[in-house]
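[1] from the sequence below, what's the structure:
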Amino acid sequence: GATCLGGKQPPHPVVGFWADKDCQQFGFGDKSCPSWDSFIPCNPSDNCAGGPDFECEYGRQGQLCLETAEGYSNVGGTFYWRCGKNGKLITVAGIIAVLVVWFGLNAIAAGEFPALNVALMFIQTTAMIGSFGLNWHSNLTYVNIAMGVANFDVDFVAASCLMPWTPVRSFYFQLSLPFLFSATYIMVFLAVELVLCWREQSEMVHYKRILRSTLKYSVSFVIMNYTTLVIKCFQSLRCTSFPDGREYMVFAPTVECWNGRHWLMVFCSSMYILGVLLWLPFGIWFILRKHARNGTLHTIRAEWQWGFIHAAFEAEYKWWECVLIFRRFTIGFISVMIAEPMLQAASTLIVLAIMLSAQAYAAPFVRADIDVLDFLAICGSMLYCLSGILFYPSVTLQSQGHLCSENSANEIHRTGESASP
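    Reported below is the predicted structural model:
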């Protein structure tokens, strides 16, 4: 991850790596670093320019170049621009556009449109694969960004032109997003109810109907937002050692691990995992089981409120939405807790292969054409993952140090060089 110019020149990071410029052992700086010769790979690698000045790429700053520089904003963590005079207007317009897309996607998910739901699941899964630190072809980078909007990530359009936007603030805002959407739905449904009362000249407001509608769309939104919530929660549990000998959070490297700020984030993540992420599939299974035992699953009220979860599936597989939630959970978990991109891709392929086998065996959808569509969607995600592996270096210390030793890797390189004309 580093190179030396020779003589008394200190080592400096190459493109895609970061190091602490303030370490005294580099020949400059104002602090002592026990691991001064540590050069940390950046994710995404495009963030770090490296070089003798230890630079970040355009619009980035901070440790691992993960922070948006003051006066800059970005879309999808890739396209950076100066805020300038129109920066606030552009940012607000971008946020409004993304919110409109999110509300539209959630309306589709809350409706009984199985083909669109399968397509949305494919886009979300493929977008998560696109976030792996593989050497994606430049043409695929734009595809990954376009699909990223479907994962309901608050970082998709950074609000740094409007306020200081840090990974910590993003963390809390992402976990609050389902509650903010629920509050919005309550206000919208209450307004609709008041208009109906005014048109019908009725003084009775159906508060239970408002709460049932809010619950339906809120559960749907959590399902759509599930993978990103998993990522944000488990990111708070992942730390890495820096050259100064301390451990910092990987996604928020300004926060030192296992101190007050970090413990608060760990507590919030733990409560969220237990109260939302794990409760959701068990809650869905319990509600469907209760209605089935009481013979009320196919009543008008139950169909309207919970039909978007079970109506597309055969009776014996009415709980199959829990399997789809598990798919989202595992891919989100892999993307955070496994650092090596090749292992991320390999683990994801294994999970998708298991899901493909389960789908082929169960054929859970009522309509056979939706079963075929879901089968092809899983195959498509697997092929996309394989395409990312194809562009990743196959025999290097960086990518396969866990598979072969340094000596064997050097021997492979020497053999390749001697064989070349």
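
[2] ok, His291 touching Trp306?
    Yes. In this structure, His291 is within contact of Trp306 by C-beta atoms under 8 Å, at 7.1 Å. Backbone N, C-alpha and C define where each C-beta goes, glycine included.

[3] give me the common contacts of the two.
    Leu297 (C-beta atoms under 8 Å, 6 or more residues apart in numbering).

[4] residues in contact with the residue sitting nearest the centre point of the chain?
    For the chain, the residue nearest the mean C-alpha position is Thr228 (4.1 Å; C-alpha atoms, centre = their mean). Going by C-beta under 8 Å, 6+ apart, Thr228 touches 151-153, 174, 332.

[5] same deal with Met265?
    Neighbours of Met265 in contact, by C-beta under 8 Å, 6+ apart: 168, 171, 236, 249, 255.

[6] same check on Met355?
    Here Met355 is in contact with 323, 327, 378 (criterion: C-beta under 8 Å, 6+ apart).

[7] so it is in which element?
    helix 341-362 (DSSP states H and E).

[8] what do you get for Val372?
    Assigned by DSSP H and E, Val372 belongs to helix 368-390.

[9] after the longest helix belonging to the chain, heading C-terminal, what element do we hit next?
    What stands out as the longest helix in the chain, according to DSSP state H, is helix 167-200. Remark: after helix 167-200, the chain's next helix or strand is helix 207-224, criterion DSSP H and E.

[10] relative to helix 167-200, how tilted is that next one?
    150 degrees (axes from the mean of the first three to the mean of the last three C-alpha atoms, to 10 degrees).

[11] quick one on the thing from earlier: which elements pack onto the helix holding Val372?
    Counting contacts by 3 or more C-beta pairs under 8 Å, 6 or more residues apart in numbering; DSSP states H and E, helix 368-390 packs against helix 114-130, helix 341-362.

[12] now it against helix 114-130, angle please.
    10 degrees.

[13] got any ranges where the stretch 251-400 of the chain has weak pLDDT?
    For the stretch 251-400 of the chain, the stretches flagged by pLDDT under 70 are 391-400.

[14] go with 90
    In the predicted model of the stretch 251-400 of the chain, residues 251-254, 256, 259-260, 300-301, 304-305, 335, 337-343, 386-400 satisfy pLDDT under 90.

[15] check what contacts the helix holding Val372 and list those residues.
    Outside helix 368-390, the residues touching it (C-beta under 8 Å, 6+ apart) are 114-115, 118-119, 121-122, 125-126, 129-130, 132, 134-137, 140, 312, 342, 345, 348-349, 352-353, 355-356, 359-360, 363-365.

[16] ditto for stretch 245-256
    33-35, 62-64, 66-67, 166-168, 171, 235-236, 238-242, 257-258, 261-262, 265.

[17] among those, which lie within helices?
    Per DSSP H, the contacts of stretch 245-256 map to helices at 167-168, 171, 235, 261-262, 265.

[18] what helix or strand is the residue nearest to Pro281 when sequence neighbours are not counted on?
    The spatial neighbour of Pro281 that comes closest, neighbours along the chain excluded (C-beta to C-beta, 6 or more residues apart in numbering), is Cys322 at 4.2 Å. Using DSSP H and E, the element containing Cys322 is helix 320-337.

[19] that helix packs against which elements?
    Looks like helix 320-337 contacts helix 114-130, helix 226-235, helix 279-294, helix 341-362 (3+ C-beta pairs under 8 Å, 6+ apart).

[20] could you check the pLDDT of Thr227?
    Looking at Thr227, its pLDDT reads 90.

[21] for it, which residues are in contact?
    Contacts for Thr227 were tallied using C-beta under 8 Å, 6+ apart; they are 124, 128, 151, 328-329, 331-332.

[22] closest one to Phe103 out of those, please.
    Checking the contacts of Thr227 against Phe103 with C-beta to C-beta, the nearest one is Asn151 at 15.2 Å.

[23] over to that closest one: give its phi and psi.
    phi -90, psi 10 (degrees, to the nearest 10).

[24] next one: it from Asn43, what distance?
    Per C-beta to C-beta, to the nearest Å, Asn151 is found 17 Å from Asn43.

[25] who has more neighbours, the two?
    Legend: neighbour count by other C-beta atoms under 10 Å for Asn151 and Asn43, higher for Asn151 (23 against 18).

[26] so the more buried one sits right up against Thr126, yeah?
    No. Using C-beta under 8 Å, Asn151 makes no contact with Thr126, being 10.2 Å away.

[27] give me the phi and psi for Pro41.
    According to degrees, to the nearest 10, Pro41 has phi -70, psi 140.

[28] try Ile40
    Phi and psi for Ile40, reported as degrees, to the nearest 10, are phi -100, psi 130.

[29] and the pLDDT at it?
    On pLDDT, Ile40 comes in at 87.

[30] endpoints of stretch 123-141, how far apart?
    One end of stretch 123-141 to the other measures 14 Å (C-alpha to C-alpha, to the nearest Å).

[31] which two among the ones in helices among the contacts of stretch 245-256 are spaced furthest apart?
    Using C-beta to C-beta, the pair of the ones in helices among the contacts of stretch 245-256 lying farthest apart is Gln235 and Arg261, separated by 14.0 Å.

[32] of the two, who's got more company?
    Each of Gln235 and Arg261 has its neighbours counted (other C-beta under 10 Å); Gln235 has more, 22 against 14.

[33] quick one: residues contacting that one.
    Here Gln235 is in contact with 171, 249-252, 336 (criterion: C-beta under 8 Å, 6+ apart).

[34] narrow these to those that are buried.
    Listed as buried from the contacts of Gln235 are 171, 249-252, 336; burial here means 16 or more other C-beta atoms under 10 Å.

[35] looking at those residues, which one is closest to Thr3?
    Closest approach between the buried ones among the contacts of Gln235 and Thr3, by C-beta to C-beta: Val250, at 24.3 Å.

[36] before we move on, the earlier item: what's the burial count for the residue nearest to Pro281?
    Neighbouring residues of Cys322 were enumerated by other C-beta under 10 Å; the total is 17.

[37] ok, it - contacts?
    So Cys322 contacts 281, 284-285 (C-beta under 8 Å, 6+ apart).

[38] got the contact list for stretch 149-157?
    For stretch 149-157, contacts defined as C-beta under 8 Å, 6+ apart pick out 73, 75-77, 91, 94-95, 98, 101-102, 105, 120, 123-124, 127-128, 148, 170, 173-174, 177, 221, 224-225, 227-228.

[39] just the CA atoms of stretch 33-40, as CSV, please.
    The C-alpha trace of stretch 33-40 is given here as CSV (Å, rounded to 0.1, in the frame of the first residue of the first chain):
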residue,chain,number,x,y,z
CYS,A,33,2.6,6.5,15.9
PRO,A,34,3.4,2.9,17.1
SER,A,35,2.4,1.6,13.7
TRP,A,36,3.7,4.4,11.6
ASP,A,37,4.3,2.1,8.6
SER,A,38,0.6,1.0,8.4
PHE,A,39,-1.1,1.9,5.1
ILE,A,40,-4.8,1.2,5.2
